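Trainee: Attaching a predicted model along with its sequence, questions to come.
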Amino acid sequence: MTTEYRILPAGDTALVVEFGGGIDRAVSTRVLALAQRLDEARLDGIVETVPTFRSLMVCFDPLMISAAALAERIGDLMPPVEAAAAPGRVWRLPACYDARLAPDLDHIADRAGLSPRAVVERHSATAFHVYMLGFLPGQAYLGDVPAELAFARRPTPRPRKRGSTSSRRSFAMPSPPSTSITDPAGAPSCSATISTRLLTAGPSA
């Protein structure tokens, strides 16, 4: 993992701070640590921060702070490479793996050389990390899927059921129950979320 970062302009009202060149928990920790430091610093002119897999977009009001001044302050607040992960909240998302709601469960099991039950046990036992939100409002990109369940996208996309949980490479992505779309990436669907209203928060972890 690289020890450097880059600050790039994104138009005239945002800067993007890039860390590393891949998706990595240590990189995610640093992205989130910088977002927290900027939030705590309460700098005049910052409108919002938007974390992604390996970068942080910092949106600002150029009438209150210049891009150069903001870049300097970001450098001052930059967390160390080996930044410690901040305590997080555990969210429990009920999911149903019934074959009628998980059309690709048998497909995943066959490719993994496991029984459908073993796939369910491995998938449901994983404590996923929220890397970012995107694509749809509130849709979380969760990592990391167990290696034996990490497969490429389907060759032909299928219409995604409302509230389905898809698996793409090393990520799991529960879609909102109110949304019914065709997944353009063809991610296999291995379960269905019951309802976002049933989400329960556990203790910090």
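Mentor: Everything's here; your move. Residues are numbered from 1 along each chain as shown.
Trainee: Can you give me the end-to-end span of stretch 116-135?
Mentor: This stretch, stretch 116-135, spans 29 Å end to end (C-alpha to C-alpha, to the nearest Å).
Trainee: Looking at this protein, which helix is longest?
Mentor: Ordering each helix of the chain by length in residues (DSSP state H) puts helix 25-41 first.
Trainee: May I see the buried residues of the helix or strand that that helix is followed by?
Mentor: Of the helices and strands lying after helix 25-41 in sequence (DSSP states H and E), the nearest is strand 46-51. Neighbour-count burial for strand 46-51 flags 46, 49-51 (criterion: 16 or more other C-beta atoms under 10 Å). In this view, the C-beta of every residue, glycine as well, is placed from N, C-alpha and C.
Trainee: helices or strands up against strand 46-51?
Mentor: Judged by 3 or more C-beta pairs under 8 Å, 6 or more residues apart in numbering; DSSP states H and E, strand 46-51 is in contact with helix 25-41, strand 55-60.
Trainee: Report the buried residues of stretch 57-70.
Mentor: 57-58, 60, 67, 70.
Trainee: Alpha carbons of it, in CSV - could you do that?
Mentor: Coordinates of each C-alpha in stretch 57-70 appear next as CSV, following Å, rounded to 0.1, in the frame of the first residue of the first chain:
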residue,chain,number,x,y,z
MET,A,57,-14.3,14.2,-1.8
VAL,A,58,-14.3,17.5,0.2
CYS,A,59,-17.0,19.9,-1.1
PHE,A,60,-16.4,23.5,-0.2
ASP,A,61,-17.7,27.1,-0.7
PRO,A,62,-15.0,28.9,-2.7
LEU,A,63,-16.3,32.2,-1.4
MET,A,64,-15.4,31.2,2.2
ILE,A,65,-12.2,29.2,1.6
SER,A,66,-9.9,28.8,-1.4
ALA,A,67,-8.9,25.5,-2.8
ALA,A,68,-5.3,26.2,-1.9
ALA,A,69,-6.1,27.0,1.7
LEU,A,70,-8.3,24.0,2.0
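Trainee: All good on my end, thank you.
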